[in-house]
Each structure stands twice: as structure tokens, then as C-alpha cells.
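1. sequence and predicted structure below; questions after.
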Amino acid sequence: MKEKIEAIVAEALEAIGVKAGVVHVERPADSSHGDYSTNTALVYGKKTGVSPRELAGKLVEKILETSSDEIEKIEVAGAGFINFFLTSSALESALEKGQTFSKSDERVNIEFISTNPTGELHIGHGRSAFFGDALARVLTLAGKEVTREFYINDSRESNQIRELGKTALGKGEQYKTPELEEKINKLDFNGMSEEEAGVKLAHAVQESNRKFIEKGLGAHFDVWYSEDKELRASGANEKMLERLKSRGLTYEKEGALWLRTSEYGDDEDRVVVRSDGTMTYFVADIAYHQNKFDRGFQTIIDVWGADHHGHVKRMQSVGRMLGWPKAQNDADQPVVFIAQMVSLKEDGVSSKMSKRAGNVILLRDLVEEFGIDVVRWFFSDRALNTQMTFDMALAREQSEKNPVFYAQYAHARLASIAEKCKGLKEGSANNFADLIKIPSARALSSKITEFSEVVAEISRDYNVHALAGYATSLATSANAFYRDVRVAEGDTFNPSALTLAIRAKETLAETLSLLGISAPERM
RNA sequence: GCCCUCAUAGCUCAACGGAUAGAGUACCGGUCUUCGGAACCGAGGAUGGGGGUUCGAUUCCCUCUGAGGGCACCA
């Protein structure tokens, strides 16, 4: 419906001789401003030298010429806004139709979490984990072909694997935690080199992380990409290096080989081969992204932690260097999302989470204490770039009054009503048009039809946290409806009210499911 | 020193450059013979400072202050 209004406005704009550009139609916060509203006259008034209200008047006149049975009323309001009020039949058919998303042949690869196989996931990983997972769900629903990918930094030539190996052999302390020690004690590293021991231990760590991600977090991956196997052993790294060299993109300095990234937008050039002859991780990273394009993905999304933001520029300069295509919205590739840091608050004092200081909170512990639904909600209801502070005491205190329960409760209540109606007789006719004369019933209907718009918008702007906000407001609308309209009365039920209640329940469940959160029938 | 984020109500967070800046929580007051009260209704309470662009700025630009992160031949 929103697209339709946008088309109507754009058409009217053109009809009165204004060069059609982008037209924005939105849902006004205040329902007295209609179902949809547009600021088109304000935006184009200036360009055409006409006052916004005058232009709005002309547009409305034009729109009214081709009367639509979907629009009940159009009005010009405020500085020049045009407000649209839908007819009950338009609302009803939008409600029945549900969400429709046309299949797109856009192939999207989204890589997230990708923790090193040197330790467990901590709360900092929660952000990228839940953001990536929910985004993948949204994009899939929006019709895109999505591949979820996890990159395993397990190259036996990397320093971290060597360090891990040293620790395994008792020659080092790096990455040592009680959990890691437990793993070391269970494994046999007899006669192994540091490298071999590192690979073996990394494999064990990765395996338990994978289990936790799938079972504990409920996030699944289509591809677990092994750097050691796919890039090192396969020779892809070497091949990439040769390609860079042969195209004259590298040069030698101080015994090392440098890549000319600064000529493509980076702050400085980067080392690709150290003076000892080994390749840096950067080569693998380049080869990896090239491989994603080679596999046929048009959009490559990376979700990284804030500590990796410095890599964005160099990676995108490589994109320009190698001619990687732009993303659909003309963004540089790879498209990178940075999850801001999680800081801790203990006894009212903020502190940085640091492994050395021993104040790391594992994601596992959080899930065990609060349950996956609460944790998912907590990490998903705010924008990715907010620097969230995690107050353990506050989380504990608020877990019982967490907004996630509010949404789940509304769902359970609607489920209970639907269940109850199964044993009742259909009551006297009460059609939809009559039902939505009740403001809260109309508001709920409208809110339900907003679902597809929320999904469409997130698939464009990637603001996944809008889902939580939508779930809350849908629950609020459902509660208001519950207050005003009785679905079951005595031994009969109101058919159109029941239909509305069921649609609300389904939509709430679907929204929660996009967030990876359960929608219980009873609580 | 350079680069990236961020600064909104007591607290945790929202707001394609638009209409009276919204929620939750906390505090205060009210609803209630419950299709499930984990509910509903109401009140008070906010854009860090200073410039600029605009018909209009929380949003864009400059600057100051404050917070976090990054500036390796580690990943």
C-alpha cells in the first residue's frame, strides 16, 4: 500500500509538471494525520517556487481526479503535508493479503561472529551475532538469496595458532583460561610441533564454539569457511599475491612487500609479505573477499567489532583496486557494519571489559542466567552503533520486566483467545467495516499491515533494531484492542474480531521469529 | 598527533532533514465483578556548549568539551 501511495504522489507530481524525483511516504506517528503522509510538497515547493501549501493543494486536486476506492480522504495539513486516510476495504484487503515479497535474484553473503578459535564468545560478540542473524532472517524474508558465513581464522601459519600451540605445549600463557586449560588436559599433544598443537587445540575450541552458536544462540551458518583449508592449503593466498604483484600493485621496501592501498583511498600502504617471507593476514583477507565474489555473490556484508573498524578503509580500497562491484545501494564493498563496544558496569562504576583484568563476561553465562529470549532482545533493541553499557545488576533486576515479556505476553493472550473461540459458536454478523469504527481495532489493523513495510525498510537500511520497536508497538496495539473489543462473549465469538486477533498473533510471532525469539502460546 | 563511533528524560534506548522529540524503566496518581493484571489510563521529566546551511536541524557542515575504539612486518 505504501508503494502504491508513493506511485500516486509521484504520478501527480509529474502530471502538474514537476520533474519526478524521490517521493517519501511514511506512517505518521499521530494517527490523526492519517494512515500515510508525505512531505512531497514541502520538498518540491522550494524547487518550483511555489509555496508548499499551494503545491500540496494542486497535488491533492490532481490525485482526486483519478478517484481511488482505496483512499477515503486526503487532506493538506500543517506546513504542507498531504495526509491519506484509507478506506476500510483497502485496510481489510491489505490485512488479508498479508506480507508479500517478490523474490529477488540478489545473492547476499553475510559474514558475522567469526571469532578466533582461541577462546569462547564473550558479550561483545553478542552484538554482531544477533545483528547478523536477524539481518539474515530479514533479508531472506524480503526475498533475497542469503548465505550466512562464518570465517575460521585457523591458518597454521598464523601467529595466533602458534601462540595457541605454545600454550597447549606448556610453553606459553597466551589465551589461557580455565576453560582452555580443561581442553588442553583432555587432548594429547605428545610429540607435536607448536603449529600442529595449535591447529589441534584450535579445532577443539572451534568445535565447542560451533555447538554453542547453534544450540545456545540458535544461529545457524550455511558455510563454515576454514582459512587454513580454503585459502592457505588451496593456494588461493599465493594466487592472490601473484595477481597483485603482476598488476604492479606492490613494491618492496625495507625487505618487505607492500600493497599500494594508499593510491586507492587508504591512509597508508600495507605490508602483504613480511621481511621474513611470510604473508600477512591481509593477503588472506583479500583472497577471501575475492573468493566471495567469485562464488557469485552480489552483496558482501561483513559484521565486525569496533576494534576492527580500521580495516574497513583498507578492505574497501582493495575493492577499488581489484574492481569489485558496488553494492545495490551504491555502497562500497564489502559492506561493513561495525558493532560498537560493550562496556561493563559494576557497582555503578563503568569499566572496560578486559581479559587481562579478568572481568570478561561470557555470552554462555549470560544465556544461562537470563535465557536466550531476554539476551537476544537486550542485544537487538538498540542500534548497532550505540555504545552499550552492560550493567549486570540492572539486567538481573530488569529481566523480569523486560520488554520481551511484554511482547510475548501479548502473543500468549491472543493465542489464548483464539484457543477459547474454537469451542464457541460463530456470533451474529459483525463485518470488518463496523469493527474498525472502533479506533483501537482500526489502529491494530493498520499496525499489522505495517509489518511488510518494516521488513522492506530494514532490508534497505539494515536497522535491525526497528524490529524490536515494531514488536513493542504491535503488542501495545493488541493490548488496546483487547481492552476495547471482546472477541468471545458468552458462548459465541465475533468472527471479524477473531480474524483480526489471529492476524495480530501471527504477525507478532513472525516479528519475534525474525529476532530469533520465541512466541509462546502460554506463559 | 591522525582516523572511526558516540553524547537525547534520573536510568536504558528510539526518532528517511519535517507536524506536539517517542518508548521502557523509576517515581506519583488512577482503572479493575480479568475473553490471561506479566494488562490499561494519566502526570511530571530531555536534544552537551557555540557558530553555520535550510521554509524547517536531534539529524547535515565547522568548532569546543566529554566518552569509547583504532592507528604493527598481530589477527
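-> Arrived safely, thanks for sending. Quick caveat, the model's predicted, so the values are computed rather than measured. Numbers count the residues shown, from 1 in each chain, chains lettered A, B, ... in the order given.
2. so is the residue nearest to A:L217 when sequence neighbours are not counted in a helix, a strand, or just coil?
-> Take A:L217 and drop its neighbours on the chain: the residue closest to it by C-beta to C-beta, 6 or more residues apart in numbering is A:A129, 6.0 Å away. Every residue, glycine included, has its C-beta placed from N, CA and C. Here A:A129 is recorded as helix under DSSP: H, G, I helix; E, B strand; the rest coil.
3. do I have it right that A:A129 meets A:I113?
-> Yes. The pair A:A129 and A:I113 passes the contact test of C-beta atoms under 8 Å, sitting 4.9 Å apart.
4. so which strand or helix has the residue most central in space within chain A?
-> Nearest residue to the geometric centre of chain A (C-alpha atoms, centre = their mean): A:L135, 2.9 Å. Secondary structure assignment for A:L135, by DSSP states H and E: helix A:123-141.
5. need the strands for the stretch 351-500 of chain A, in chain order.
-> In the stretch 351-500 of chain A, strands defined by DSSP state E, counting those that start in this stretch lie at A:388-391, A:425-426, A:488-489, A:492-493, listed in chain order.
6. from A:F451, how far out is the residue in chain A sticking out farthest from the centre?
-> Going by C-alpha atoms, centre = their mean, the residue of chain A most distant from its centre is A:G191, 46.0 Å out. A:G191 sits 60 Å away from A:F451, taking C-beta to C-beta, to the nearest Å as the criterion.
7. same question for A:I213.
-> Distance, A:I213 to A:F451, by C-beta to C-beta: 28 Å.
8. and if you look at A:D276?
-> 57 Å.
9. one more: A:D434?
-> Taking C-beta to C-beta as the measure, A:D434 and A:F451 are separated by 24 Å.
10. so what's the closest residue to A:S88 other than its chain neighbours up against?
-> Sequence neighbours aside, A:A433 is the residue nearest to A:S88 in space, at 4.3 Å (criterion: C-beta to C-beta, 6+ apart). A:A433 makes contact with A:S88, A:S89, A:E92, according to C-beta atoms under 8 Å, 6 or more residues apart in numbering.
11. could you do A:F432 as well?
-> When contacts are counted by C-beta under 8 Å, 6+ apart, A:F432 touches A:S88, A:L91, A:E92, A:S496, A:T499, A:L500.
12. near RNA strand B, which residues of the stretch 351-500 of chain A are found?
-> Taking C-beta under 7 Å from any atom of the strand as the test, the list of the stretch 351-500 of chain A residues beside RNA strand B reads A:352, A:381-383, A:385-389, A:391, A:394, A:398, A:400-401, A:403, A:405-406, A:409, A:412-413, A:415-417, A:420, A:461, A:463, A:465-466, A:469, A:472, A:475-476, A:479-480, A:482-483, A:485-488.
13. do that again at 6 Å, thanks
-> Contacts of the stretch 351-500 of chain A with RNA strand B, taken as C-beta under 6 Å from any atom of the strand, map to A:352, A:381-383, A:385-389, A:401, A:403, A:405-406, A:409, A:412-413, A:416-417, A:420, A:463, A:465, A:469, A:472, A:476, A:479-480, A:482-483, A:485-488.
14. so which of these are in helices?
-> Of these, the ones assigned to helices by DSSP state H are A:403, A:405-406, A:409, A:412-413, A:416-417, A:420, A:469, A:472, A:476, A:479-480, A:482-483.
15. need the max-distance pair from these.
-> Largest separation among those by C-beta to C-beta: A:K420 and A:G469, giving 29.9 Å.
16. any low-confidence regions in chain A?
-> Within chain A, the set of residues satisfying pLDDT under 70 comprises A:20, A:345-359, A:429.
17. care to break it down by domain?
-> Residue ranges of the domains in chain A are recorded as A:2-86, A:107-339, A:403-514, according to automatic domain parsing.
18. would you list those in JSON lines and tack on distance to A:E96?
-> Conversion of the domains of chain A to JSON lines gives the following (distance: least, C-beta to C-beta, whole Å):
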{"stretch": "domain A:2-86", "distance to A:E96": "14"}
{"stretch": "domain A:107-339", "distance to A:E96": "19"}
{"stretch": "domain A:403-514", "distance to A:E96": "8"}
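19. what's the neighbour count on A:A204?
-> A:A204 sits with 16 neighbouring residues when counted by other C-beta atoms under 10 Å.
20. next: A:D491.
-> When neighbours are defined as other C-beta under 10 Å, A:D491 has 9 of them.
21. my guess is it contacts A:L424, does it?
-> Yes. Distance between A:D491 and A:L424: 5.6 Å, which falls inside the contact criterion (C-beta under 8 Å).
22. quick check, A:L164 in a strand?
-> No. In this structure, A:L164 is helix, not part of a strand, as judged by three-state DSSP.
23. report the contact partners of it.
-> Residues in contact with A:L164, defined by C-beta under 8 Å, 6+ apart, are A:P117, A:T118, A:Q174, A:Y175, A:A197, A:G198, A:L201, A:A202.
24. and the buried ones among those residues, selectable in PyMOL?
-> Provided next is the PyMOL selection string for whichever of the contacts of A:L164 are buried by 16 or more other C-beta atoms under 10 Å:
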select buried, chain A and resi 117+118+175+197+198+201+202
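25. which among the contacts of A:L164 gets closest to A:R156?
-> Within the contacts of A:L164, distances to A:R156 taken as C-beta to C-beta reach their minimum at A:G198, with 6.9 Å.
26. what about the residue nearest to that closest one when sequence neighbours are not counted, neighbour count?
-> Leaving out its chain neighbours, the residue that sits closest to A:G198 by C-beta to C-beta, 6+ apart is A:G165, at 2.9 Å. Residues within reach of A:G165, counting by other C-beta under 10 Å, total 25.
27. quick one: A:G165 and A:K229, what's the gap?
-> Summarising the geometry, the distance separating A:G165 from A:K229, computed by C-beta to C-beta, is 18 Å.
28. nearest to RNA strand B within the stretch 101-250 of chain A, name that residue for me.
-> Ranking the residues of the stretch 101-250 of chain A by distance to RNA strand B (C-beta to the nearest atom of the strand) places A:N159 first, at 3.6 Å.
29. hang on, the earlier thing: how about the helix holding A:L135 and RNA strand B, any contact?
-> No. When contact is scored as C-beta under 6 Å from any atom of the strand, no part of helix A:123-141 falls within range of RNA strand B; the minimum is 9.9 Å.
30. please apply the same query to stretch A:304-322.
-> Yes. Part of stretch A:304-322 sits near RNA strand B under the criterion C-beta under 6 Å from any atom of the strand, namely A:A306, A:D307, A:H308, A:H309, A:G310.
31. the residue nearest to the centre of chain A contacts A:R460, correct?
-> No. Counting by C-beta under 8 Å, A:L135 does not reach A:R460; the two are 11.8 Å apart.
32. list the contacts for the closest residue to A:K239 other than its chain neighbours?
-> Closest residue to A:K239 apart from its sequence neighbours, by C-beta to C-beta, 6+ apart: A:A287 at 7.3 Å. Residues counted as contacts of A:A287 (C-beta under 8 Å, 6+ apart) are A:L231, A:A236, A:N237, A:K239, A:M240.
33. so which bits of the stretch 51-200 of chain A are right by RNA strand B?
-> Counting by C-beta under 6 Å from any atom of the strand, the residues of the stretch 51-200 of chain A close to RNA strand B are A:A77, A:G78, A:A79, A:F81, A:N83, A:N116, A:N153, A:S158, A:N159, A:Q160.
34. may I ask which of the residues you listed has the most neighbours?
-> Once you tally neighbours by other C-beta under 10 Å, A:S158 ends up highest among those, having 23 neighbours.
35. contact partners for the closest residue to it other than its chain neighbours?
-> When the adjacent residues along the chain are set aside, A:S158 lies closest to A:Y281, with 6.7 Å between them (C-beta to C-beta, 6+ apart). Remark: with contacts taken as C-beta under 8 Å, 6+ apart, A:Y281 is in contact with A:N153, A:S155, A:S158.
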